[in-house]
Each structure stands twice: as structure tokens, then as C-alpha cells.
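**Student:** Provided below for reference: sequence and predicted model.
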Amino acid sequence: MTKRLQRLCVTKHDKGCAPCISKNLRLREEPNCFFNLTENADKRTSDTFEDFSKLVLGKKEPLI
């Protein structure tokens, strides 16, 4: 894991990104560290691809 990604991804274990990525793939969601790179990430209502896309495109409200 890169130093930059380590700062974005806070975990309570030393297993790297694999557990999170596996969970997100299973649930069809984006990893939290991706959201942490966007403005207004704290205002999202879910971790869905749609909410992530809306935040990346600069929309202020997540999809509901």
C-alpha cells in the first residue's frame, strides 16, 4: 500500500486494503478511501457507485 493511500485508509488491522476491497466488491460499493478524496464525502447517504459518481461530478447532494 502506498504512503498516500495509508493516510486515506484508516484500519484497525494490518491486512491492507484486501478485506475492504473484497467487501465493497461483494456489496457493489466504492471503498471509503475513494470517498475521502471527494468534497462533501461526509454528506453522502451511502457508498454506492451512484453516490460516488455524483460526488466526483461535483453535485452537492447524494442520490437518495
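**Tutor:** Yep, that arrived. Residues are numbered from 1 along each chain as shown.
**Student:** CA atoms for contacts and neighbours, from now on please.
**Tutor:** Noted.
**Student:** Could you tell me which ranges of the chain sit under the pLDDT cut-off?
**Tutor:** Along the chain, the model assigns pLDDT under 70 to residues 1-11, 59-64.
**Student:** mind running it again at 80?
**Tutor:** 1-13, 58-64 (pLDDT under 80).
**Student:** which one in it is furthest away from the centre?
**Tutor:** Going by Cα atoms, centre = their mean, the residue of the chain most distant from its centre is residue 14, 18.7 Å out.
**Student:** could you point out which element follows the longest helix seen in the chain?
**Tutor:** Secondary structure of the chain per DSSP state H: the longest helix is helix 18-27. Next helix or strand after helix 18-27 toward the C-terminus (DSSP states H and E): helix 32-35.
**Student:** can you give me phi and psi for residue 52?
**Tutor:** Main-chain torsions, residue 52, degrees, to the nearest 10: phi -60, psi -50.
**Student:** Name the nearest residue to it, sequence neighbours excluded.
**Tutor:** Closest residue in space to residue 52, ignoring its immediate chain neighbours: residue 35 at 6.7 Å, by Cα to Cα, 6 or more residues apart in numbering.
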